[in-house]
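>>> Sharing a model prediction with you, sequence too.
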Amino acid sequence: MAAAALIVLLLAVATPAMQPQTALAAGADKETHIKVYWHDVYSGPSPTALVVAQAATTKSSKTSFGMVVVIDDPLTEGPDLNSSSRIVGRAQGTYIASGKDSLALLMNMNFVFSAGQYNGSAVAIMGRNSVMDEVREMAVIGGTGVFRWARGYAQARTHTFDLKTGDATVEYNVFIRH
């Protein structure tokens, strides 16, 4: 019995030592700042944001409470989607109108990079987006590729919003430790 307990104890102590050392364990964190423009397009022949569900009371709610939107929004280097601004990736995920009394969204999306030095990598962002605030902050909760083990935060600032169409362009500054 004592021998079995000793073996279990030795395995518990030795197992972490046998694991490969990661960049985080070695203390080699890198900090990256990425600025992109997120284009949420409801209008036109090829929308990038679609309402896929809503509660019975969503249409009568002043905040669209209960609305669920799926997105595949372009991310660009500059604010103009239809001009010289290069597409560097897509924001893919969902957002939910989660504020009953104030306009707030629960954002759950990946910034998937398809061009430039981060091509093939992604950052996962999740958090509350109080859209009427000048600056909103959400958490970076993970990543893939060069952003493996990512953590940090994203700040969103509305650049333009079209009241007729619902189309929006939002500047995102993403601060990533990886």
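Perfect, thanks for sending it. Being a predicted model, the structure only gives us computed values, none of them experimental.

>>> show me where this structure has strands.
With DSSP state E, the ranges of strands along the chain come out as 31-40, 49-53, 68-76, 87-97, 105-113, 122-129, 136-144, 151-161, 168-177.

>>> For residue 61, which of these is the nearest?
Residue 61 lies closest, by C-beta to C-beta, to one member of the strands of the chain: strand 87-97, at 7.7 Å. From N, CA and C alone the C-beta is placed, and that goes for glycine too.

>>> picking up where we left off before, could you dump the strands of the chain into JSON lines and include mean pLDDT?
As requested, the strands of the chain are arranged in JSON lines below (pLDDT from 0 to 100):
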{"stretch": "strand 31-40", "mean pLDDT": "98"}
{"stretch": "strand 49-53", "mean pLDDT": "98"}
{"stretch": "strand 68-76", "mean pLDDT": "98"}
{"stretch": "strand 87-97", "mean pLDDT": "98"}
{"stretch": "strand 105-113", "mean pLDDT": "98"}
{"stretch": "strand 122-129", "mean pLDDT": "98"}
{"stretch": "strand 136-144", "mean pLDDT": "98"}
{"stretch": "strand 151-161", "mean pLDDT": "98"}
{"stretch": "strand 168-177", "mean pLDDT": "98"}
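
>>> could those strands be laid out in TSV, adding mean neighbour count and distance to residue 59?
Putting these into TSV (neighbours: other C-beta atoms under 10 Å; distance: least, C-beta to C-beta, whole Å) gives the following:
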stretch	mean neighbour count	distance to residue 59
strand 31-40	18	20
strand 49-53	13	11
strand 68-76	19	14
strand 87-97	20	11
strand 105-113	21	17
strand 122-129	21	21
strand 136-144	18	25
strand 151-161	17	20
strand 168-177	18	20
